[in-house]
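> Next input, structure requested:
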Amino acid sequence: MSTETDLTDAEAEDGPPEALSGGPPLAKKILLVTDAWEPQVNGVVRTLANTMRELKALGCEIEVISPADYPNSVPLITYSEIKLALGAREDVEDRFLAFAPDAVHIATEGTLGWDARAVCLKHKFPFTTSYHTQFPEYVTARFKWIPLWAGYRFMHAFHDKSGRVMVATPTMMEQLRLQGFRNIALWSRGVDVDLFHPSKRGADGGLFKDLQRPVFIYVGRVSVEKNIEAFLKLDLPGSKVVVGDGPARAELTEKYPGAHFVGSKFGEELARHYADADVFVFPSFTDTFGLVILEAAATGTPVAAFVAPGPKDILPGTGAGVVDMDLRKACLEALKLKREDARVLAERYSWRACAEDFRRNLEPLPKEGKRRFWHKLRDLRARARERRRLKREAKQARKNTGNGQ
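Predicted structure coming up:
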């Protein structure tokens, strides 16, 4: 009996159907809905843009719905670079029906995200979401009068109908699990190892030849939730450089005149700033990953960071950086690391692998079976105890280092 399978000419060219590899066929037509998109410059946009580029290279057809499509928009409070489209639901529905996607991914919790969620629920079409920002912590950092639980209530309302909630690290998976989120899946990140390369490091100090060594650098948005002041107030040798812009720049420039604020940098110029530094400092507690960690490491610059989601998943045991609740100690220890080890870490990450993870995650997870009330209550109590324990430990650790963030 023959075991050969007849294939059409098209199938022969494209290879065997993906369903034969042991799972459901992977999505070919993908609708991405996001409130964060080009020309915005941030980690979310870089992640989405690079992932979509790789998916296209894999033969996928991509339709992106973003604020760039809608002139009727307003800036997000405290983050004016992000525009929130208003009154777009009808158009989002029309585009969804016209495109007829195999899968819908809703990347952000803004107005377009809520519109797309409503459209999918209306048509009983499964969708996935991603958790790019620790939004509850971000909001509480900006507005002390808004409790953390209120932010998580909002995030639950958005993500609870999602077939999969994609997160960047195991730490974020556990953190969301403790907050009662379901259907959580890992979706890592990548880095352009050609652009961010050790060869960008200049001779005789490069861009920082006139600054006292060593040079400690921060790259990212200059805003309160990034906890940059924890870096700027450190008693460190040499010089501190801040690359980026944001609402806190003017205040921090005045408060820390000894630091060098150079504004936003892009492409080759950004790569040179990473490469010419001696240590990259990542003081954030609210990021879910920190693409800048990989970008710095790709140029050979070791990283110093707090014990927080992202750094503690990426750096320990690699020789590429130091994580510690004493950020000054982490900075000084990072000076001793080999730049070659930082580069080795970055080479483990690629945007192609990131895109492949994303595509596999577009298939919603099976729904959980019904559980008895007492089982649910037991789990709720266990999660609450663990959250309280972690909160006490984090509070004590920050108190010990004099960091009030």
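> residue ranges with poor pLDDT in the stretch 1-150 of the chain?
Low-confidence segments of the stretch 1-150 of the chain (pLDDT under 70): 1-24, 77-80.
> how about the nearest residue to Leu211, chain neighbours excluded?
Excluding the flanking residues, the one nearest Leu211 by CB to CB, 6 or more residues apart in numbering is Ser239, at 4.2 Å. Using the backbone N, CA and C atoms, a C-beta is placed for each residue, glycine as well.
> Thought His260 was touching the one you found, still the case?
Yes. Between Ser239 and His260 there is a contact under CB atoms under 8 Å: 6.4 Å.
> who touches both of those two?
Leu211 (CB atoms under 8 Å, 6 or more residues apart in numbering).
> Pick out whichever of those two has more residues nearby.
Ser239 (19 against 16; other CB atoms under 10 Å).
> so what's that one bridging to?
According to DSSP bridges, the residues that bridge with Ser239 are Val215.
> which ones are touching it?
Phe208, Leu211, Gln212, Arg213, Pro214, Val215, Phe216, Ala259, His260.
> swap the cut-off to 6 Å and go again
Contacts for Ser239 were tallied using CB atoms under 6 Å, 6 or more residues apart in numbering; they are Leu211, Gln212, Val215.
> repeat for Phe285
Asn227, Ala308.
> Spell out the residue ranges of the strands in this structure.
In the chain, the strands defined using DSSP state E lie at 29-33, 61-65, 73-76, 79-85, 103-106, 128-130, 165-167, 184-186, 215-219, 239-243, 260-263, 279-282, 303-305, 321-323.
> for Ile65, which residues make a bridge with it?
With DSSP bridges as the rule, Ile65 is bridged to Val33.
> could you measure it against Glu54, distance?
19 Å (CB to CB, to the nearest Å).
> More neighbours: which of these two?
Neighbour totals were compared for Ile65 and Glu54, and Ile65 leads with 26 against 20 (other CB under 10 Å).
> care to break the chain down by domain?
Following automatic domain parsing, the chain resolves into domains at 21-186, 198-349, 372-405.
> quick check: mean pLDDT across the last one?
Domain 372-405 shows a mean pLDDT of 59.
> ok so, going back, quick one, which of the domains of the chain gets closest to Ala355.
domain 21-186 (3.5 Å; CB to CB).
> got the contact list for stretch 65-81?
Under CB under 6 Å, 6+ apart, the answer for stretch 65-81 is 33-34, 37, 40, 82-88, 92, 142.
> Out of the residues you listed, flag the one nearest to Arg249.
Once CB to CB is applied, the member of those that ends up nearest Arg249 is Arg142, at 15.6 Å.
> And stretch 100-107, end to end?
Its start and end residues considered, stretch 100-107 measures 18 Å (CA to CA, to the nearest Å).
> Counting neighbours, which bits of that stretch end up buried?
Within stretch 100-107, the residues that qualify as buried are Pro101, Asp102, Ala103, Val104, His105, Ile106, Ala107, counting by 16 or more other CB atoms under 10 Å.
> can I get the CA coordinates of stretch 27-34 in PDB?
What follows is stretch 27-34 as a C-alpha-only set of coordinates in PDB (Å, rounded to 0.1, in the frame of the first residue of the first chain):
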ATOM      1  CA  ALA A  27      -2.600  31.500  10.300                       C
ATOM      2  CA  LYS A  28      -1.800  33.000   6.900                       C
ATOM      3  CA  LYS A  29      -4.000  36.100   7.000                       C
ATOM      4  CA  ILE A  30      -3.400  38.100  10.300                       C
ATOM      5  CA  LEU A  31      -5.300  41.200  11.400                       C
ATOM      6  CA  LEU A  32      -3.200  43.200  13.900                       C
ATOM      7  CA  VAL A  33      -5.000  46.000  15.800                       C
ATOM      8  CA  THR A  34      -2.800  48.300  17.800                       C
END
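> in it, what's buried?
For stretch 27-34, by 16+ other CB under 10 Å, it's Ala27, Ile30, Leu31, Leu32, Val33, Thr34.
> for stretch 279-293, same thing?
279-293.
> what about Leu186, neighbour count?
Neighbourhood size, Leu186 [other CB under 10 Å]: 13.
> Spit out the contact partners of the closest residue in space to Phe282 that isn't next to it in sequence.
Nearest residue to Phe282 in three dimensions, chain neighbours excluded: Ala305, at 4.1 Å (CB to CB, 6+ apart). Residues in contact with Ala305 (CB under 6 Å, 6+ apart) are Phe282, Pro311, Val323.
> what would these look like in a markdown table with distance to Tyr138 and pLDDT?
What follows is the contacts of Ala305, written out as a markdown table (distance: CB to CB, whole Å; pLDDT from 0 to 100):
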| residue | distance to Tyr138 | pLDDT |
| --- | --- | --- |
| Phe282 | 16 | 97 |
| Pro311 | 17 | 94 |
| Val323 | 21 | 97 |
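> Let's have those in JSON lines, adding distance to Gly317.
What follows is those, written out as JSON lines (distance: CB to CB, whole Å):
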{"residue": "Phe282", "distance to Gly317": "17"}
{"residue": "Pro311", "distance to Gly317": "12"}
{"residue": "Val323", "distance to Gly317": "10"}
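> Which of the contacts of stretch 65-81 sits closest to Phe196?
Using CB to CB, Gln40 is the member of these that sits closest to Phe196, with 20.1 Å.
> just to revisit the earlier point, how close does the residue nearest to Leu211 sit to Leu270?
From Ser239 over to Leu270 (counting by CB to CB), the distance is 18 Å.
> Now the terminal residues of stretch 271-281, how far apart.
By CA to CA, the extent of stretch 271-281 from end to end equals 15 Å.
> Please report the distance of Asp313 from Lys161.
Using CB to CB, Asp313 is found at 27 Å from Lys161.
> Looking at these two, which has the bigger crowd around it?
Higher neighbour count among Asp313 and Lys161: Asp313, with 20 against 13, using other CB under 10 Å.
> List the residues that contact the more buried one.
Contacts of Asp313 (CB under 6 Å, 6+ apart): Thr169, Pro170, Thr171.
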